[in-house]
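J.: predicted model and sequence follow; I will ask about them next.
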Amino acid sequence: MDEAETEAIYSKDIEVLHKLSRSIDWQIRRRVVWNPATPEKILKDLALDSVQWVREAVAGSPRISKNILYMLSEDRAGFVRAAVALNSSAPPELLMRLAEDEMIDFDYSLNENRYIVKEAVARNPSITLEILELLANDWDEHVRASAASNPRMTSELLAKLSKDISWLVRNKVAGNPSTANELLVKLAEDRIVDIRISVAQNPATPHKAMLSLALNRSWEIKHAVAKNPNVSVDILRELSGDWAWKVREAVALHPKAPEDVLEMLVKDPDQSVREAARRRALSNSS
């Protein structure tokens, strides 16, 4: 795709967009969908496109009408239906229907099947609590994990899922900003390292749990603590002397790192840490 085509795709000229929507290249047609200036008439035409990835783009558009969403919710391609399921404009009755969609796609990274439409419904930011509770109790761990990641989860459901047998589900609870402090403190002691890392990354994690994680032997966990935007200055001071250079580098790059810590890290034996500290010191002085 040349520069002229790229510029044309983001044009506000309706005639240009109409012409591009009929391009032989499906990737250009998909980009037309993404253009905020594309009128609904063109989107409606592209909802009938022969290529599923164009229809998927339409299904995910926040500007599409409910009538088209209903039409695409019955699309033969599961990925199109999943895009509808994730669309925040999808009405509750449509999400309830899609919550029963049994479409399976094979996830090669995990070497197992995934219910992609139900997972998408569970992640929808506009989902009702009724549907969310239904999916939080699904037999499939990936569906429950998707529900556990939704910020609309109630404290009761999060408390239940924090004890789930699947570590994937507990991991999503650990990373959910809506998870209560007492649950995060408990999950900070989970036997699975990835879960403790998710707690360390969660900006809602309380100081008590962060302090416990900062004393962990795993450098990956301490690295996550040092990158947390809400970590306290006293914890950053503690981690500035850590044995792992990646942890000290993260401290040097943190906006809350105090001047005296940066002055110390500028003299660090590791080059990456020294450079990070210098960059932070320069940005502070400018």
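T.: Sure thing, it's come through.

J.: what lies in contact with the lengthiest helix in the chain?
T.: Criterion DSSP state H: the longest helix present in the chain is helix 271-285. Contact with helix 271-285 is made by 245, 248-249, 252-254, 257, 259, 262-263, 265-268, as judged by C-beta atoms under 8 Å, 6 or more residues apart in numbering. The C-beta positions use only the backbone N, C-alpha and C, and glycine is treated the same way.

J.: so which bits of stretch 13-23 are buried?
T.: Neighbour counts using 16 or more other C-beta atoms under 10 Å place 16-17, 20-21, 23 of stretch 13-23 among the buried residues.

J.: please check the contacts of helix 271-285 and keep the buried ones.
T.: Burial by neighbour count, judged by 16+ other C-beta under 10 Å, picks out 245, 248-249, 252-254, 257, 262, 265-266, 268 from those.

J.: now do the helices in the stretch 101-250 of the chain.
T.: Using DSSP state H, counting those that start in this stretch, the helices of the stretch 101-250 of the chain run over 116-123, 129-136, 141-148, 155-161, 167-175, 181-187, 193-201, 207-214, 219-227, 233-239, 245-253.

J.: now render the contacts of helix 271-285 as a markdown table, adding pLDDT and distance to Ser198.
T.: Below are the contacts of helix 271-285 laid out as a markdown table (pLDDT from 0 to 100; distance: C-beta to C-beta, whole Å):
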| residue | pLDDT | distance to Ser198 |
| --- | --- | --- |
| Trp245 | 97 | 23 |
| Arg248 | 97 | 22 |
| Glu249 | 97 | 21 |
| Ala252 | 96 | 23 |
| Leu253 | 96 | 20 |
| His254 | 96 | 19 |
| Ala257 | 94 | 23 |
| Glu259 | 93 | 31 |
| Leu262 | 95 | 28 |
| Glu263 | 93 | 33 |
| Leu265 | 96 | 27 |
| Val266 | 95 | 32 |
| Lys267 | 95 | 34 |
| Asp268 | 96 | 28 |
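
J.: the residues you listed: which two are farthest apart?
T.: The span of the contacts of helix 271-285, defined through C-beta to C-beta, is set by Trp245 and Glu259 at 20.8 Å.

J.: that older thread, got the angle for the longest helix of the chain vs helix 245-253?
T.: Interaxial angle of helix 271-285 relative to helix 245-253 (axes from the mean of the first three to the mean of the last three C-alpha atoms, to 10 degrees): 10 degrees.
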